[in-house]
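Novice: the sequence and its predicted three-dimensional model are supplied below.
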Amino acid sequence: MKYSKSGLALTERFEGCRLVAYWDPLGKVWTIAYGHTRGVHAGMTCTQEQAVRWLLEDIAFAEQNVNTHVTIPITQGEFDALVDFDFNCGSANLDSSTLLKLVNAGDRERAAKEFEKWDHAGGKEVAGLLRRRIAEEAEFTS
(Lines give C-alpha, C1' and ligand atoms only; values in the text may rest on other atoms or scores of the structure.)
Protein backbone atom coordinates (compact mmCIF):
# COMPACT_ATOMS: atom_id res chain seq x y z
CA MET A 1 0.00 0.00 0.00
CA LYS A 2 1.00 3.64 -0.39
CA TYR A 3 0.58 6.47 2.11
CA SER A 4 -2.33 8.71 1.15
CA LYS A 5 -2.52 12.50 0.99
CA SER A 6 -4.68 12.35 4.12
CA GLY A 7 -1.98 10.39 5.93
CA LEU A 8 0.73 12.78 4.79
CA ALA A 9 -1.33 15.73 6.01
CA LEU A 10 -1.61 14.03 9.41
CA THR A 11 2.16 13.65 9.66
CA GLU A 12 2.84 17.21 8.49
CA ARG A 13 0.31 18.64 10.94
CA PHE A 14 1.81 16.94 13.98
CA GLU A 15 5.48 17.20 13.01
CA GLY A 16 5.44 20.79 11.86
CA CYS A 17 8.38 21.99 9.79
CA ARG A 18 11.47 23.69 11.17
CA LEU A 19 14.24 24.62 8.74
CA VAL A 20 16.91 24.93 11.46
CA ALA A 21 18.12 21.93 13.48
CA TYR A 22 16.72 21.62 17.00
CA TRP A 23 16.85 19.15 19.87
CA ASP A 24 13.90 16.77 20.05
CA PRO A 25 11.57 17.39 23.04
CA LEU A 26 13.64 15.06 25.22
CA GLY A 27 16.88 16.81 24.27
CA LYS A 28 18.43 13.62 22.91
CA VAL A 29 18.33 13.81 19.10
CA TRP A 30 19.08 16.62 16.67
CA THR A 31 16.05 17.03 14.41
CA ILE A 32 15.17 19.18 11.39
CA ALA A 33 12.37 19.69 8.88
CA TYR A 34 9.42 17.31 9.48
CA GLY A 35 11.04 15.22 12.21
CA HIS A 36 14.08 14.17 10.16
CA THR A 37 16.97 12.90 12.31
CA ARG A 38 19.50 11.06 10.11
CA GLY A 39 22.73 13.02 9.80
CA VAL A 40 21.38 16.10 11.59
CA HIS A 41 23.77 18.23 13.64
CA ALA A 42 23.81 21.53 15.49
CA GLY A 43 23.57 24.57 13.21
CA MET A 44 22.23 22.59 10.25
CA THR A 45 19.65 24.30 8.03
CA CYS A 46 17.59 23.21 5.04
CA THR A 47 15.20 24.62 2.47
CA GLN A 48 11.49 23.85 2.38
CA GLU A 49 12.12 21.72 -0.71
CA GLN A 50 14.74 19.64 1.13
CA ALA A 51 12.39 19.30 4.10
CA VAL A 52 9.72 17.82 1.82
CA ARG A 53 12.24 15.45 0.19
CA TRP A 54 13.37 14.19 3.60
CA LEU A 55 9.78 13.78 4.73
CA LEU A 56 8.96 11.65 1.69
CA GLU A 57 12.13 9.57 2.17
CA ASP A 58 11.41 9.05 5.86
CA ILE A 59 7.77 8.18 5.14
CA ALA A 60 8.96 5.62 2.57
CA PHE A 61 10.84 3.75 5.33
CA ALA A 62 7.76 3.72 7.57
CA GLU A 63 5.55 2.71 4.64
CA GLN A 64 7.87 -0.19 3.79
CA ASN A 65 7.95 -1.35 7.40
CA VAL A 66 4.16 -1.37 7.70
CA ASN A 67 3.83 -3.18 4.36
CA THR A 68 6.37 -5.76 5.55
CA HIS A 69 4.94 -6.43 9.01
CA VAL A 70 1.17 -6.19 8.56
CA THR A 71 0.13 -9.64 7.44
CA ILE A 72 -3.58 -9.14 6.73
CA PRO A 73 -5.46 -6.84 4.35
CA ILE A 74 -6.15 -3.45 5.94
CA THR A 75 -7.99 -0.30 4.93
CA GLN A 76 -6.31 2.88 3.73
CA GLY A 77 -7.17 4.59 7.02
CA GLU A 78 -5.64 1.76 9.02
CA PHE A 79 -2.52 1.86 6.87
CA ASP A 80 -2.17 5.64 7.17
CA ALA A 81 -2.54 5.50 10.96
CA LEU A 82 0.09 2.76 11.24
CA VAL A 83 2.54 4.60 8.96
CA ASP A 84 2.20 7.81 11.00
CA PHE A 85 2.68 5.81 14.21
CA ASP A 86 5.76 4.09 12.75
CA PHE A 87 7.15 7.44 11.55
CA ASN A 88 6.72 9.02 14.98
CA CYS A 89 7.43 6.13 17.36
CA GLY A 90 9.89 4.17 15.23
CA SER A 91 9.72 0.88 13.36
CA ALA A 92 11.13 -1.16 16.24
CA ASN A 93 8.38 0.09 18.53
CA LEU A 94 5.65 -0.71 16.03
CA ASP A 95 7.15 -4.10 15.22
CA SER A 96 7.18 -5.22 18.86
CA SER A 97 3.87 -3.61 19.83
CA THR A 98 0.61 -5.10 20.98
CA LEU A 99 -0.94 -2.74 18.43
CA LEU A 100 0.67 -4.64 15.55
CA LYS A 101 -0.10 -8.03 17.10
CA LEU A 102 -3.79 -7.10 17.39
CA VAL A 103 -3.90 -5.73 13.83
CA ASN A 104 -2.41 -8.96 12.50
CA ALA A 105 -4.89 -10.96 14.58
CA GLY A 106 -7.71 -9.02 12.91
CA ASP A 107 -8.83 -7.48 16.21
CA ARG A 108 -9.27 -3.96 14.91
CA GLU A 109 -11.37 -2.72 17.81
CA ARG A 110 -8.77 -3.60 20.44
CA ALA A 111 -5.94 -2.48 18.13
CA ALA A 112 -7.50 0.99 17.83
CA LYS A 113 -7.42 1.35 21.62
CA GLU A 114 -3.67 0.72 21.67
CA PHE A 115 -2.77 4.06 20.06
CA GLU A 116 -3.51 6.11 23.17
CA LYS A 117 -1.12 3.99 25.25
CA TRP A 118 1.76 5.60 23.33
CA ASP A 119 1.36 9.13 24.75
CA HIS A 120 4.49 9.22 26.92
CA ALA A 121 7.99 10.58 26.35
CA GLY A 122 10.71 10.43 28.94
CA GLY A 123 8.31 8.64 31.29
CA LYS A 124 5.77 11.49 31.26
CA GLU A 125 2.44 11.89 29.54
CA VAL A 126 2.69 14.45 26.74
CA ALA A 127 -0.48 16.24 25.67
CA GLY A 128 0.75 16.66 22.08
CA LEU A 129 1.46 12.94 21.79
CA LEU A 130 -1.97 12.12 23.16
CA ARG A 131 -3.55 14.42 20.54
CA ARG A 132 -1.54 12.68 17.83
CA ARG A 133 -2.48 9.20 19.05
CA ILE A 134 -6.16 10.20 19.15
CA ALA A 135 -5.85 11.48 15.57
CA GLU A 136 -4.19 8.21 14.51
CA GLU A 137 -6.94 6.22 16.20
CA ALA A 138 -9.56 8.29 14.36
CA GLU A 139 -7.75 7.69 11.05
CA PHE A 140 -7.46 3.98 11.86
CA THR A 141 -11.19 3.65 12.46
CA SER A 142 -12.28 5.87 9.55
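Specialist: Perfect, I can see it now.
Novice: and the closest residue to residue 132 other than its chain neighbours, which of the three is it?
Specialist: When the adjacent residues along the chain are set aside, residue 132 lies closest to residue 14, with 4.6 Å between them (CB to CB, 6 or more residues apart in numbering). C-beta: built from backbone N, CA, C; applies to glycine. When the structure is split into helix, strand and coil by DSSP: H, G, I helix; E, B strand; the rest coil, residue 14 lands in helix.
Novice: repeat that for residue 20.
Specialist: When the structure is split into helix, strand and coil by three-state DSSP, residue 20 lands in strand.
Novice: check residue 73 too.
Specialist: Using three-state DSSP as the criterion, the local structure at residue 73 reads coil.
Novice: what about the strands in this structure?
Specialist: Using DSSP state E, the strands of the chain run over 18-23, 30-33, 120-121, 124-125.
Novice: tell me the most buried of these?
Specialist: When neighbours are counted by mean count of other CB atoms under 10 Å, the highest per-stretch mean among the strands of the chain falls to strand 30-33, a mean of 21.
Novice: list the contacts of that strand.
Specialist: Among residues not part of strand 30-33, those counted as contacts by CB atoms under 8 Å, 6 or more residues apart in numbering are 17-24, 37, 40-42, 44-46, 50-51, 54-55.
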